[in-house]
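Novice: with the input below, show me the fold.
(one chain, ligands or ions: 2)
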Amino acid sequence: MGIHAAHWDDWALDALLAAKSHAGATVSLVVPARNEAGTVGAVVARVRQALMQTVDLVDEIVVIDSDSVDGTFDVATEAGARVHRSAEIRPDLGSHPGKGEAMWKSLFVTSGDLVVFMDADLLDWDTHFVPGLLGPLLTRPEVQLVKGFYARPGAGGPLEGGRVTELVARPLIALLFPELAGLVQPLAGEWAVRRSWFASLTVPTGYAVELAALVETVRRAGQPALAQVDLGTRAHQHQTLLDLGAMATQILAAALARVDVDTASTDGAVVLRQFREGLDPTRHVVPVVEREPAERFL
Ligand SMILES: O=c1ccn([C@@H]2O[C@H](COP(=O)(O)OP(=O)(O)O[C@H]3O[C@H](CO)[C@@H](O)[C@H](O)[C@H]3O)[C@@H](O)[C@H]2O)c(=O)[nH]1
Ligand SMILES: O=C(O)[C@H](O)COP(=O)(O)O
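Specialist: Ligands and ions are numbered 1, 2, ... in the order given. Below is the predicted model of the structure:
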């Protein structure tokens, strides 16, 4: 059995447009962005031109500005997205920093039956990512969540990207969640999901949103509810090793919580002591908050 895999060009665009129209489905592209003024404009403008203005595949492009202090909001607006500040969406529900929070909040300001997520920091990518991710959702009713995968060049050459994927997520999956081991890029930021399914999931506010969604989906609905699609190549901006330490902490915290292991996180945060030089650590406070399913607040 395993997790169904496909290639982005297994479907002609016309066939996907016909399937979308037949299903009467609508599509939202959601781009969470924190300080991505340099790249978010191209992500929005290219998808808008190719898949909204030329054909009718995407119904809305929404950027969720995740506490940016640069020109992300204006650049994304100029490029044709509807932009919301994460902290200003449903203020009654409070606000947390983080990518998962931006994605969770997106459910309150979008309406598509199918939601496609894309990172805002993409450098090497193409608009076929979007139809590729929609293919399984538009053609296989049992599929709830579709992950993209790709070759990912790293700073040191081809196929060396994905440090947290290879050093944290994949070992964790092998040890604790082996039903997910067939996923090529479990942490890919490019994925698509049925709105009703995403709204039913518990969502970590930080970088564990991807792993948590996969674990909950496979536990509740099994491997047939997952699919993965080969999108070709994708390159993005690389974080520093110490920042990836925070990402890894969030992913480990979410994974351990899902196998009922108590951790030292208190009040929704873990303090990482990181040593840049000598014995004097920098205290890196890493939030590990989780949001209840959005459907409870819609
Ligand atoms: O607080 C934040 C941090 C990031 N982002 C945005 O989220 C996307 C991905 O963030 P990035 O810092 O580029 O993550 P990566 O280092 O690329 O991490 C990879 O692995 C993560 C862990 O699973 C996934 O969440 C990412 O989507 C995936 O690209 C980008 O558009 C960011 O601007 C936010 O919206 N808010
Ligand atoms: O997916 C990952 O492991 C993180 O995004 C880090 O990727 P990088 O090592 O290519 O920067």
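Novice: confirm Val55 sits in a helix?
Specialist: No: assigned with DSSP: H, G, I helix; E, B strand; the rest coil, Val55 falls outside any helix and is coil.
Novice: quick one: pLDDT of it?
Specialist: With respect to pLDDT, Val55 has a value of 98.
Novice: how about the residue lying closest to it once chain neighbours are set aside, what does it touch?
Specialist: The shortest distance from Val55 to any residue other than its chain neighbours is 6.1 Å, reached at Leu17 (Cβ to Cβ, 6 or more residues apart in numbering). Backbone N, C-alpha and C define where each C-beta goes, glycine included. Leu17 makes contacts with 55-57, as judged by Cβ atoms under 8 Å, 6 or more residues apart in numbering.
Novice: and Glu60, by the same measure?
Specialist: Contacts for Glu60 (Cβ under 8 Å, 6+ apart) come out as 26-29, 82, 110-112.
Novice: from the residues you listed, which land in strands?
Specialist: Using DSSP state E, 27-29, 82 are the members of those that sit in strands.
Novice: which of those residues are close to ligand 2?
Specialist: When Cβ under 6 Å from any ligand atom is applied, no member of the ones in strands among the contacts of Glu60 is adjacent to ligand 2.
Novice: how about low-confidence regions in the protein?
Specialist: Along the chain, segments meeting pLDDT under 70 span 154-160.
Novice: all helices of it, in order?
Specialist: Shown for the chain, the helices assigned by DSSP state H span residues 13-23, 40-47, 72-78, 99-106, 129-139, 163-164, 170-176, 195-198, 209-221, 241-257.
Novice: quick one: buried residues of the fifth one?
Specialist: Buried residues in helix 129-139, defined by neighbour count with 16 or more other Cβ atoms under 10 Å: 129-139.
Novice: now the third one
Specialist: Within helix 72-78, the residues scored as buried using 16+ other Cβ under 10 Å are 72-73, 75-77.
Novice: got the residues of the chain near ligand 1?
Specialist: With Cβ under 6 Å from any ligand atom as the criterion, the chain meets ligand 1 at residues 32-34, 36, 66, 97-99, 102, 119-121, 187, 189, 207, 210, 236, 239, 247.
Novice: filter these down to the ones in strands?
Specialist: Using DSSP E, these in strands are 32-33, 236.
Novice: I'd like those residues laid out as CSV, including neighbour count.
Specialist: Shown next, in CSV, are these (neighbours: other Cβ atoms under 10 Å):
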residue, neighbour count
Pro32, 27
Ala33, 29
His236, 18
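Novice: surely Tyr207 meets Gly98?
Specialist: Yes: using Cβ atoms under 8 Å, Tyr207 is in contact with Gly98, at 7.3 Å.
Novice: of the contacts of Glu60, which is the nearest to ligand 2?
Specialist: Leu29 (20.1 Å; Cβ to the nearest ligand atom).
Novice: Val146 pairs with what?
Specialist: The partner list for Val146 in beta bridges (DSSP bridges) reads Ala192, Ala227.
Novice: need the contact list for it.
Specialist: With Cβ under 8 Å, 6+ apart, Val146 has these contacts: 133-137, 191-193, 226-229.
Novice: between those, which is closest to Ala253?
Specialist: Trp191 (20.8 Å; Cβ to Cβ).
Novice: the closest one against Tyr150, yeah?
Specialist: No: look at Trp191 against Tyr150 with Cβ under 8 Å: they stay out of range, at 12.0 Å.
Novice: how about Ala248, nearest residue that isn't a chain neighbour?
Specialist: Leaving out its chain neighbours, the residue that sits closest to Ala248 by Cβ to Cβ, 6+ apart is Val168, at 4.5 Å.
Novice: residue contacts, that neighbour?
Specialist: 248, 251-252.
Novice: most neighbours of all those residues, which one?
Specialist: With neighbours defined as other Cβ atoms under 10 Å, the most crowded of these is Ile251; it has 26 neighbours.
Novice: near ligand 2, which residues of this protein?
Specialist: Residues of the chain found near ligand 2 (Cβ under 6 Å from any ligand atom) are 152, 154, 161-165, 187, 238-239, 244.
Novice: tell me the buried residues within those.
Specialist: Buried residues within these, counting neighbours by 16+ other Cβ under 10 Å: 152, 161-165, 187, 244.
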